[in-house]
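S.K.: Dropping a prediction and its sequence here:
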Amino acid sequence: MKYKDFEKIMSQKRMNRYLTACKGDTRKAMTLYRYNLQLSQEAFTIISCFEVALRNAIDANLTAFLGAEWLKDSIMGNGIFTNPTMFKSFDIINHAYNKLRSSGSYSHSKLLAEMEFGVWKYMFSPIQYRLTGRRLLRIFPNKARSTPEIQYNHSYVFNELDKINTLRNRIAHHEPVCFYLQQPVIDTAYILNEYQKIQTLFMWMDIDSRALLYGLDHIQQVCSRINELK
């Protein structure tokens with residue numbers, strides 16, 4: 001496809017950053033755009049696997065502590081998420097529950113699947129971590145030990161999950177992930193840093209990410225192709 005046709009479809013505004021990063025080389029700009037899509041797909045696949053693993057680990061832990069219907073129960077009566085300070089989590093869970101109930105298809109597993117990544121992230125915020133029994137760090141049996149410099153506590157996990165959630169949302173909203181700080185400069189440090197965060201959390205969860213992601217993880221290969229366009 002000719003660049004002008006490609007640009008017409010994707011928009012000049014969207015393509016300007018790619019064109020500038022490639023010093024006006026239209027063929028490279030189209031290649032970079034396609035590589036960015038591949039990188040986004042690769043990253044989203046890994047985030048999806050991590051999200052499911054995180055969700056299931058949290059569910060297993062809280063099922064043992066709060067019961068088999070803990071997520072539904074959390075929004076009922078005096079449930080743990082009826083606290084006004086947790087209205088965002090309450091609204092997400094309540095909306096999903098009512099949708100499933102009205103369609104006659106409710107089950108605990110379906111309700112879990114309806115949750116946004118942010119719901120699991122906020123499980124490690126101070127108040128939700130306390131109200132769920134201060135026990136969720138147990139899903140990370142290999143977690144690093146805290147030091148005077150770094151406290152590897154629930155707040156640390158929350159911040160790491162927040163960064164992963166930000167990347168997930170960037171990809172979902174078709175924002176590029178191949179640039180340096182949103183500038184028209186080719187750089188893969190951001191995506192590789194977030195990738196390493198996920199790998200670390202997998203390790204903390206005692207999950208062999210290499211085995212889990214066999215045949216799915218091509219992040220570093222795509223990053224290498226992108227860096228060759230510099």
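M.R.: Yep, it's here. Numbering: from 1, shown residues only.
S.K.: And what about residue 185, helix, strand or coil?
M.R.: strand (DSSP: H, G, I helix; E, B strand; the rest coil).
S.K.: Now for it: which residues touch it?
M.R.: By C-beta atoms under 8 Å, 6 or more residues apart in numbering, the residues touching residue 185 are 21, 179. Where C-beta positions appear, they are placed from N, C-alpha and C, glycine not excepted.
S.K.: Residue 25 versus that one, what's the distance?
M.R.: 15 Å (C-beta to C-beta, to the nearest Å).
S.K.: which residues of the protein fall in strands?
M.R.: With strands called from DSSP state E, the chain shows them at 179-180, 183-186.
S.K.: Adding mean pLDDT, write those out as a markdown table.
M.R.: Shown next, in a markdown table, are the strands of the chain (pLDDT from 0 to 100):
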| stretch | mean pLDDT |
| --- | --- |
| strand 179-180 | 94 |
| strand 183-186 | 96 |
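S.K.: and of these, who's closest to residue 109?
M.R.: With C-beta to C-beta as the measure, strand 179-180 is the member of those nearest residue 109 (38.7 Å).
S.K.: Determine how far the closest one lies from the middle of the whole chain.
M.R.: Its chain's average C-alpha position is 19 Å from that of strand 179-180, according to C-alpha atoms, centre = their mean, to the nearest Å.
S.K.: Quick one: list the elements packing against the helix ranked longest in the chain.
M.R.: Longest helix of the chain, by residue count under DSSP state H: helix 26-66. With contacts defined as 3 or more C-beta pairs under 8 Å, 6 or more residues apart in numbering; DSSP states H and E, helix 26-66 has these neighbours: helix 3-10, helix 12-21, helix 70-73, helix 117-121, helix 154-172, helix 189-204, helix 219-227.
S.K.: which outside residues touch the first one?
M.R.: Just to be clear, that refers to helix 3-10. 15, 26-27, 29-30, 33.
S.K.: Stretch 164-174: which residues count as buried?
M.R.: For stretch 164-174, burial by neighbour count (16 or more other C-beta atoms under 10 Å) applies to 164-165, 167-168, 170-171.
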